[in-house]
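K.L.:
Fold the following for me, if possible:
(one chain, ligands or ions: 1)
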Amino acid sequence: MVEAAYDTDNIFAKILRGEIPSHRVYEDEAVVAFMDVMPQGPGHTLVLPKAPSRNLLDADASTLGPLFKIVQKVALAVKQAFGADGVTILQFNEPASGQTVYHLHVHVIPRFEGIALKPHSGGMEKPEILAENAGKIRAALAS
Ligand code: 5GP
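P.N.:
Residues are numbered from 1 along each chain as shown. The predicted structure is shown next:
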């Protein structure tokens, strides 16, 4: 099956271009991380390569090393920032898998013993909560 082409107007492409706001916690020449607006738990962060691809399946392999280096960095930061017991890493490819935004991204979600994840793409979080959580993660990244 031939997958659809990368859509340069997908919501994360717009965020990367600065056309839509986000609560950014990290940025370098190749990778950006910001808060998920419909978090499955407090501190749910998305890590994206700046290079365009729909998902992992069509990504240039050279983007994956820098991406996962920052996934690990953000995972350590959210664990510290929220005093989490663990961290779940999720990544979806194409609609059948649950992907809803078609720019490669990795979910980094702090986890707590006995507390289940909220539904994927569930309710919108308040902007002030996202801002507060982003501040905690930035502080952990800087420590
Ligand atoms: P996917 O299903 O594609 O792996 O996940 C897309 C994620 O993006 C979902 O968790 C959803 O909550 C999040 N999301 C959707 N729209 C926006 C948005 O405009 N801004 C941010 N920061 N996250 C979004």
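
K.L.:
beta partners for the residue nearest the centre of the chain?
P.N.:
Centroid check for the chain by CA atoms, centre = their mean gives residue 46 as the closest residue, at 0.7 Å. Beta-bridge partners for residue 46, by DSSP bridges, are residue 34, residue 107.

K.L.:
how close does it get to residue 113?
P.N.:
For residue 46, the distance to residue 113 equals 24 Å [CB to CB, to the nearest Å]. Backbone N, C-alpha and C define where each C-beta goes, glycine included.

K.L.:
I'd say residue 20 and residue 14 touch.
P.N.:
Yes - using CB atoms under 8 Å, residue 20 makes contact with residue 14 at a distance of 4.5 Å.

K.L.:
The two: who's more crowded?
P.N.:
Using other CB atoms under 10 Å, the more surrounded residue of residue 20 and residue 14 is residue 14, with 15 against 11.

K.L.:
Let me know the helix or strand that that one is in.
P.N.:
helix 11-16 (DSSP states H and E).

K.L.:
And that helix, what's buried?
P.N.:
Neighbour-count burial for helix 11-16 flags 11, 12, 13, 15, 16 (criterion: 16 or more other CB atoms under 10 Å).

K.L.:
for these, which one is nearest the ligand?
P.N.:
Of all these, the ligand sits closest to residue 11, with 4.7 Å by CB to the nearest ligand atom.

K.L.:
Just send the buried residues of helix 11-16 back as JSON lines, with pLDDT and distance to residue 96 too.
P.N.:
Listed next are these as JSON lines, based on pLDDT from 0 to 100; distance: CB to CB, whole Å:
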{"residue": "11", "pLDDT": "98", "distance to residue 96": "20"}
{"residue": "12", "pLDDT": "98", "distance to residue 96": "20"}
{"residue": "13", "pLDDT": "98", "distance to residue 96": "22"}
{"residue": "15", "pLDDT": "98", "distance to residue 96": "25"}
{"residue": "16", "pLDDT": "98", "distance to residue 96": "25"}
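
K.L.:
Same list, those, but only the ones touching the ligand.
P.N.:
residue 11 (CB under 6 Å from any ligand atom).
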